[in-house]
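A.B. asks: give me a model of this one.
(one chain, ligands or ions: 1)
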Amino acid sequence: MLNIVLFGPPGAGKGTQSEKLIGKYNLVHLSTGDLFRKHLGEGTDLGKLAQSYMDDGNLVPDEVVIGMVRDKISKTIDPKGFIFDGFPRTVHQAQSLDDMLSDFDTSVSGMVSLEVPDEELKIRLLERGKTSGRADDQNEEKIDTRVRVYKAETLPVAKFYDSKNKLNAVIGVGGIDEIFNNICVVVDGL
Ligand code: ADP
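C.D. replies: Got it, this is the predicted structure:
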């Protein structure tokens, strides 16, 4: 199986690039943000629990996220592989992902880290907030919280994969297709 962790700050373009990657490599897109928004839309208990954290720009507790990911992996029939988008976001989540995948006799093939400067992220998120309806993209304070949480809790995940020689940085600024091609070069070498 080809299992890719697509990593990067909020607004780095993970969702956009995931859509292109699933088409080319026939992978299953597992976006924890999308899964939470689906639960929220359906008014499930999990959605209600996640909402307060998401609204403030904080992380949903690890055990909640991990349980949801495990459920999604175990319900996917005969996947060629996964693109993990927005997960893992803490080192604990990364360790749990290793455990989960080894239960399914597979592992993370590599991480692709999209590198985008802070100033560019803020512009992109505020722009997305105008059309996406996402409350967490419409307010500068919430965006700042997410970027701060990313740096404090999520950046260590890159070190975790780096220590396993699985970290691959790709510049996330430029044309969508140009960035995609650079990601494909990495993925083809995994
Ligand atoms: P973005 O990449 O723009 O921050 P996401 O759609 O990935 O957006 O996530 C939106 C929100 O959902 C996050 O701010 C967080 O509250 C919650 N969330 C998503 N994935 C995780 C995760 N792996 N761990 C904890 N919280 C998460």
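A.B. asks: how about the residue in the chain that the ligand sits nearest to, secondary structure?
C.D. replies: Per CB to the nearest ligand atom, the residue of the chain with the smallest distance to the ligand is Gly33, at 1.8 Å. For glycine as for every other residue, the C-beta is placed from the backbone atoms N, C-alpha and C. What DSSP: H, G, I helix; E, B strand; the rest coil gives for Gly33 is helix.
A.B. asks: what's the neighbour count on it?
C.D. replies: Neighbours of Gly33 under the rule other CB atoms under 10 Å: 19.
A.B. asks: residues in contact with it?
C.D. replies: Applying CB atoms under 8 Å, 6 or more residues apart in numbering to Gly33 gives the contacts Gly15, Asp85, Gly86.
A.B. asks: does the last one touch Ser31 like I think?
C.D. replies: It stands for Gly86. Yes: the pair Gly86 / Ser31 is scored as a contact, 5.4 Å apart, by CB atoms under 8 Å.
A.B. asks: which residues do the two both contact?
C.D. replies: Common neighbours of Gly86 and Ser31 (criterion: CB under 8 Å, 6+ apart): Lys14.
A.B. asks: how about the residue nearest the centre of the chain, what does it touch?
C.D. replies: When CA atoms, centre = their mean is applied to the chain, the residue found nearest the centroid is Gly86 (1.7 Å). By CB under 8 Å, 6+ apart, the contact list for Gly86 reads Lys14, Ser31, Thr32, Gly33, Asp34.
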